[in-house]
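Peer 1: Sequence unavailable; structure follows:
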């Protein structure tokens, strides 16, 4: 079998020059994905990572924080309502904006509402209201992801998916830094003398985050609806259900056959070491004695540089060398960076050490995520892009988020160092699955035509 499945190594005639590769990043579709990636990345940490820092500072125990991370399982079940986002029009809004943009705008407005609610609720008075607001944000964010993934896949041909993945990932990671480091910096600036948890400071920070969603809202309003394959209208409810709910999954099984299990297994565990470790990262910083300003400064400066570098390197290498090689590299780097956290846990708080560890972690995450997004995009049939991509990205999060819910209890029982080593070991099966995928998966065409026989070609990128 060829060395790279799902994204074969380009031949000399098919490879873009380095100048052509770099120019792809300045195309309108790439720039739009940068802004929309920011909108997609903003809510995630605000209901998971940053929220865990806030709750730990408010005195909530680590075991409870770990269980509260199950709010993120909304991302793991988004395939359940993805067929509705893929096919169901929103009254008035879809007629005005188109199907993809209408769902994007509706979900973004719901995210804003949920973040405002989280800003106004004090977790010390009870966690019920915090959980409900976080669920609104998570559900709306997952819905935004469904529509946005379809929007991205339909915005360019197969060869440019690596570049779109890189610009999307860059915007996504910048938003995560803003929602992680930025919100800590804002909360620290809003504090008054006296120390300890200050609800007013966190309210200010979360309200700014809600306002930051305007980046995505404005981009949606100024973008055009991508070209998409129009399917014939259903003649009855049974036919609609067959087309919207059954056919996307049946199409995937037809195209990959017995290899579908391997594909889903790889998707399900590829990011497990990162996701499980990430839940306890912010409580770890608090317990180590790092201040909000220190964590914010390190993440904002060194994290941004290394994330940008990792995302662009991952996207460029995916276009030139093939996705699977870069996927393997990203898996190795991601697991290895967790061992650096284990090393950090065995030392007293050191700012230079924190810089090194966060820089390495962001670099590896950028490379791995850019390649992984391109890999997932290459698996989809454009006729069912929202539903199929939602299935893949849900599988990516379902098992990791479930395991991550026990991370706080594990740390309480065994400590941080065994926890970080354990998360690194979780990445070992990933390497085996990638190796098997390169040998066993069928190889589709290199250029934009169909993902399989009978599948429609991806439309070109609109201007």
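Peer 2: Here it is on my side, so go on. Since the model is a prediction, treat every value here as computed from it, not as a measurement.

Peer 1: Quick one, grab the pLDDT at the residue nearest to residue 198 when sequence neighbours are not counted.
Peer 2: Distances taken as CB to CB, 6 or more residues apart in numbering place residue 191 nearest to residue 198, at 5.2 Å, with adjacent residues excluded. C-betas here are computed from N, CA, C, even on glycine. pLDDT for residue 191: 85.

Peer 1: can you check the one 5 residues further on too?
Peer 2: Reported pLDDT at residue 196 in the predicted model: 77.

Peer 1: does it count as helix, strand or coil?
Peer 2: coil (DSSP: H, G, I helix; E, B strand; the rest coil).

Peer 1: Pull the number of nearby residues for it.
Peer 2: Number of residues near residue 196 (other CB atoms under 10 Å) recorded here: 8.

Peer 1: What does it show for phi and psi?
Peer 2: phi 70, psi -180 (degrees, to the nearest 10).

Peer 1: For it, give its distance to residue 220.
Peer 2: 40 Å (CB to CB, to the nearest Å).

Peer 1: Could you do residue 124 as well?
Peer 2: For residue 124, the distance to residue 220 - CB to CB - is 36 Å.

Peer 1: Which of these two has more residues huddled nearby?
Peer 2: Neighbour count, other CB under 10 Å: between residue 124 and residue 220, residue 220 has more, with 27 against 12.

Peer 1: I'd say that one and residue 96 touch.
Peer 2: No: at 11.6 Å, residue 220 does not count as touching residue 96 under the criterion of CB atoms under 8 Å.

Peer 1: So which elements touch the longest helix anywhere in the chain?
Peer 2: The residue-count maximum for a helix in the chain (DSSP state H) belongs to helix 351-379. Packing partners of helix 351-379 (3 or more CB pairs under 8 Å, 6 or more residues apart in numbering; DSSP states H and E): helix 128-153, helix 161-177, helix 292-298, helix 304-321, helix 323-345, helix 385-404.

Peer 1: Those helices into TSV, with extra columns for mean pLDDT and distance to residue 274?
Peer 2: Formatted as TSV, these follow (pLDDT from 0 to 100; distance: least, CB to CB, whole Å):
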stretch	mean pLDDT	distance to residue 274
helix 128-153	89	17
helix 161-177	78	12
helix 292-298	82	18
helix 304-321	79	12
helix 323-345	89	5
helix 385-404	76	8
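
Peer 1: quick one, which of those helices is packed in tightest?
Peer 2: helix 161-177 (a mean of 28; mean count of other CB atoms under 10 Å).

Peer 1: Just want the angle from that helix to helix 128-153.
Peer 2: 160 degrees (axes from the mean of the first three to the mean of the last three CA atoms, to 10 degrees).

Peer 1: right, and the helices and strands packed on helix 351-379 - which one's nearest residue 368?
Peer 2: helix 323-345 (2.8 Å; CB to CB).

Peer 1: between the closest one and helix 161-177, how many degrees?
Peer 2: Using the same axes, to 10 degrees: helix 323-345 against helix 161-177 is 20 degrees.

Peer 1: ok and helix 323-345 relative to helix 304-321, angle-wise?
Peer 2: Taking the same axes, to 10 degrees, one finds that helix 323-345 is oriented at 150 degrees with respect to helix 304-321.

Peer 1: Run the chain-centre distance for helix 323-345.
Peer 2: A distance of 17 Å separates the centroid of the chain from that of helix 323-345, by CA atoms, centre = their mean, to the nearest Å.

Peer 1: That one packs against which elements?
Peer 2: Taking 3+ CB pairs under 8 Å, 6+ apart as the contact cut, helix 323-345 packs with helix 272-279, helix 281-288, helix 304-321, helix 351-379, helix 416-425, helix 428-440.

Peer 1: And the residue lying closest to residue 171 once chain neighbours are set aside, how far from residue 97?
Peer 2: Leaving aside its sequence neighbours, residue 171 sits nearest to residue 37 (CB to CB, 6+ apart; 2.9 Å). Taking CB to CB as the measure, residue 37 falls 19 Å from residue 97.

Peer 1: out of the two, which sits in the more crowded spot?
Peer 2: Of the pair residue 37 and residue 97, residue 37 is the one with more neighbours under other CB under 10 Å, namely 30 against 20.

Peer 1: from what I can see the more buried one touches residue 166, true?
Peer 2: No: judged on CB under 8 Å, residue 37 makes no contact with residue 166 at a distance of 9.6 Å.
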